[in-house]
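[1] sequence first, predicted model second:
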Amino acid sequence: MKFTDKVFVVGFGSVVLVMVYAFLWFFLATPVNKAFHHSQECTITAAVNRSSGSRSYSSSSSIYIQSPDCSHLVYEGKRYGLTNDELVERIRELEGKRVSVEVGVWQMPFSSVTSVVGIEGLDLSK
């Protein structure tokens with residue numbers, strides 16, 4: 001096998017590996033994080049609901065939580081029928097408090113976003 005063939009095989013294999021990992025992360029990260037997580041102490045200073053994409057087609061929404069102790073928190077936990085806006089209001093009730101945040105174990109490598117699956121003291125009842 002020539003050197004250029006070896007480079008092609010390694011390069012192609014790397015691309016396939018990255019694509020498989022991205023596919024698995026996209027479909028499995030949230031369920032895995034909900035099942036396996038650890039606690040981290042954070043002071044909540046703000047929470048916002050951010051949307052991306054077209055409003056009429058395939059838009060997505062994420063809840064971002066600001067904390068000086070923890071970086072780039074994104075809430076991916078259970079909502080129990082609450083809308084994102086209602087959930088943001090409930091998280092804002094915890095502003096200024098130091099709470100235990102449940103952080104998922106499967107984070108995207110080289111990403112500053114931290115997936116949060118639960119917050120101590122967060123009232124999710126309707």
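    Yep, that arrived.

[2] and the helix or strand in which Cys42 is found, what's buried?
    Using DSSP states H and E, Cys42 falls within strand 37-43. For strand 37-43, the neighbour count (16 or more other CB atoms under 10 Å) marks His37, Gln40, Cys42, Thr43 as buried. Yep, even glycine has a C-beta here, placed from its N, CA and C like the rest.

[3] what packs against it?
    If you count contacts as 3 or more CB pairs under 8 Å, 6 or more residues apart in numbering; DSSP states H and E, strand 37-43 packs onto strand 98-104.

[4] element containing Leu28, please.
    Per DSSP H and E: Leu28 is located in helix 3-35.

[5] quick one, what contacts Thr45?
    By CB atoms under 8 Å, 6 or more residues apart in numbering, Thr45 lies in contact with Gln66, Ser67, Pro68, Glu95, Gly96.

[6] mind running it again at 10 Å?
    Ile65, Gln66, Ser67, Pro68, Asp69, Arg92, Leu94, Glu95, Gly96, Lys97 (CB atoms under 10 Å, 6 or more residues apart in numbering).

[7] and Ile65, by the same measure?
    42, 44-48, 72-75, 88, 91-92, 94-95, 101, 114, 116, 119.

[8] in strands only, show me those.
    Judged by DSSP state E, the subset of these located in strands is Cys42, Ala46, Ala47, Val48, Leu73, Val74, Tyr75, Val101, Thr114, Val116, Ile119.

[9] from the residues you listed, which shows the smallest pLDDT?
    In terms of pLDDT, Thr114 ranks lowest among the ones in strands among the contacts of Ile65, with 84.

[10] so what pairs up with that residue in the strands?
    Thr114 has the following beta-bridge partners by DSSP bridges: Leu73.

[11] surely it and Leu73 touch.
    Yes - here Thr114 reaches Leu73: they are 5.3 Å apart, a contact under CB atoms under 10 Å.

[12] could you check how far Lys25 is from Ser39?
    I think there's a mix-up here, since residue 25 is Trp and not Lys. Plainly put, Trp25 is 22 Å away from Ser39 if you go by CB to CB, to the nearest Å.
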